[in-house]
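Visitor: Give me coordinates for this.
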Amino acid sequence: MDIKEVLSRPEYQFIQTNPHLGGSMLFATFGGSHAYGTNKPTSDVDIRGCALNSRRDLLGRSNFEQVIDNETDTTIYSFNKLVSLLENCNPNTVELLFCRPETYVFYHPIGKMMVDERKMFLSQKAVQSFGGYANQQLRRLECAVARDRVSQSKKEEHTLNSMKNSMKHFEEKYTQFDKGSIVLYTAESQREEYDTEVFANIHLNHYPARDFNSIMNELSNVIGTYEKLNHRNHKKDDEHLNKHAMHLIRLYLTCIDLLEGGEFATYREKDIPLLMSIRNGKYQKEDGTYEQEFFDMVSDLEKRMQYAKEHTVLPPKPNYKRIEEFVLYVNSEAIKITGG
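Guide: Reported below is the predicted structural model:
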C-alpha cells in the first residue's frame, strides 16, 4: 500500500486544514497491522504521525498534544508529546520510528532527522514498557478465555493485575511518591453481582489535575476492556482474541530484538508466517481455549526476554542530554516555522 496515495485521498484533507497540523507536520506513516505486515484485506488503515508544537503552544497558553480523527483511524502527536512517550520507550510510539523507509512521508527535514536519530530514545525502559504491555495482553487473553471457567473473584484478580501493570510506567507516581500514594487491591464487595472487586486507596496532596486525569484514564481503560471481555459475543470475538494473542507474541519478539541488537523492525517480515498463523486461529481450540503449545511459546519468549535484559546492549536510560539538545533545536525552529 502506497502511503502517499492514501494521504492524497479526500478523507485525509484534514491534515492540511487542521489548525494544529497544516504547515506543521513533520512525518506520517502507517500504524497497526499495515505497519507490522499482519494486515488482512479487511484491515483498517491506521495513520500515525507527528507535528510541531506552534509558537503559541510553546510561548503562550494554548496546548496541543494530539489530533485524533476517528473516521480515518488517524492519530497525529505533537512533537513534545511524542518525545515524552518515546523517552519511556512506549511501544505504540517508538515503533513509529522503525517502520520501512518507503512507508514514510516527510513533510519537513526535522521529521527525517527524528527517524534517523531514533536510537537516542532507546533504553532498558523497553523491558518494562514492552514487557508490561505484553503481560497486560496475556492477562486480557487469559481473562477472556476463562470467562466461563473461573469465578468472578478470580476475574477481578486478573483486572487488578492488569491495572497494576498499566500503572508501571507511572513509576514516579505509583504507590509512594512525594505528593501521596495510590494503592490498588481487591476486597469483599457490597454489590450483589460481585463477590469481590478492585478498590483503590488514594491519598494525594497538591497533585496536578492533568496527571491525575491521566492515571484515572489508564485505570478506566483497563476496566472498560475487561467489562467488554466479560460480555463477549463468542463467535464474533474469537477473531479479536486471536488478534490479542498475535500481538502478545509480536511484542515479545520486538522487545527481544531491541534488547539484543539495540534496534528492531516494526515490519516483522521474518515473523509474519507465525504471527498470521496465530491471528488465523492455529492455536485456538474449538472450545475457545488455547493449545498448551501457545502458552509454552509465551513462556519461552518471557525467558528469552529476561535473558536479553541481563545481557542487553541498551543503556539503562535514554540519552537525555541528546534529547534535550534535539528538543531545544526543534522547538526553536518551530517558533520560526509556525509563527502563530
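Visitor: Tell me the spacing between residue 217 and residue 269.
Guide: With the distance defined as C-beta to C-beta, to the nearest Å, residue 217 ends up 35 Å from residue 269. The C-beta positions use only the backbone N, C-alpha and C, and glycine is treated the same way.
Visitor: wait, residue 42
Guide: Here residue 42 is placed at a distance of 22 Å from residue 269 (C-beta to C-beta).
Visitor: neighbour count winner among these two?
Guide: Per other C-beta atoms under 10 Å, whichever of residue 42 and residue 269 has more neighbours is residue 269, with 10 against 6.
Visitor: Sketch out the low-pLDDT regions of this protein for me.
Guide: Counting by pLDDT under 70, the ranges of the chain that qualify are 143-144, 146-151, 165-179, 225-236, 340.
Visitor: 50 instead, please
Guide: 173-174, 236 (pLDDT under 50).
Visitor: In it, what residue spans correspond to strands?
Guide: In the chain, the strands defined using DSSP state E lie at 25-31, 46-51, 66-69, 74-78, 105-106, 180-188, 196-204.
Visitor: Same list, those strands, but as TSV with mean neighbour count and distance to residue 330 please.
Guide: As requested, the strands of the chain are arranged in TSV below (neighbours: other C-beta atoms under 10 Å; distance: least, C-beta to C-beta, whole Å):
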stretch	mean neighbour count	distance to residue 330
strand 25-31	24	9
strand 46-51	24	10
strand 66-69	15	17
strand 74-78	23	11
strand 105-106	16	14
strand 180-188	14	34
strand 196-204	14	33
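Visitor: and the gap between the residue nearest to residue 93 when sequence neighbours are not counted and residue 74?
Guide: Residue nearest to residue 93 in three dimensions, not counting chain neighbours: residue 85, with 4.3 Å by C-beta to C-beta, 6 or more residues apart in numbering. Look at residue 85 and residue 74: by C-beta to C-beta, they are 17 Å apart.
Visitor: List the residues that contact the residue most central in space within the chain.
Guide: Central residue check for the chain by C-alpha atoms, centre = their mean: the C-alpha nearest the mean position is that of residue 92, 3.3 Å away. The neighbours of residue 92, taking C-beta atoms under 8 Å, 6 or more residues apart in numbering as the test, are 31, 85.
Visitor: all numbers from here: first residue = 33
Guide: All right, first residue 33 from here; so that's residue 124.
Visitor: ok, which stretches of the protein are helices?
Guide: Secondary structure of the chain (DSSP state H): helices located at 35-39, 46-49, 65-68, 87-91, 111-119, 123-126, 141-148, 157-177, 184-198, 241-261, 266-293, 304-311, 324-342, 352-370.
Visitor: of all those, which lies closest to residue 102?
Guide: helix 46-49 (11.4 Å; C-beta to C-beta).
Visitor: If you count contacts, what does that closest one end up packed against?
Guide: Contacts defined by 3 or more C-beta pairs under 8 Å, 6 or more residues apart in numbering; DSSP states H and E place helix 46-49 against no helix or strand at all.
Visitor: Quick one: residues in contact with it.
Guide: Contact with helix 46-49 is made by 39, 53-54, 57, 60, 81, 101, 106, 108, as judged by C-beta under 8 Å, 6+ apart.
Visitor: One more: stretch 230-239?
Guide: 188, 191-192, 195, 211-219, 244, 251, 255.
Visitor: right, and residue 39 touches residue 80 too?
Guide: No - because the distance of 11.9 Å does not satisfy C-beta atoms under 8 Å, residue 39 is recorded as not touching residue 80.
Visitor: Please identify every residue contacting each of those two.
Guide: Residues touching both residue 39 and residue 80 (C-beta under 8 Å, 6+ apart) are residue 60.
Visitor: Across the sheet, point out what pairs with residue 108.
Guide: With DSSP bridges as the criterion, residue 108 is bridged to residue 81, residue 99.
Visitor: residues touching it, list them.
Guide: Residue 108 touches 47, 52-53, 57, 60, 79-83, 98-99, counting by C-beta under 8 Å, 6+ apart.
Visitor: Any chance of those in TSV with distance to residue 225 as columns?
Guide: Conversion of those to TSV gives the following (distance: C-beta to C-beta, whole Å):
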residue	distance to residue 225
47	45
52	43
53	45
57	48
60	45
79	41
80	39
81	43
82	44
83	45
98	36
99	39
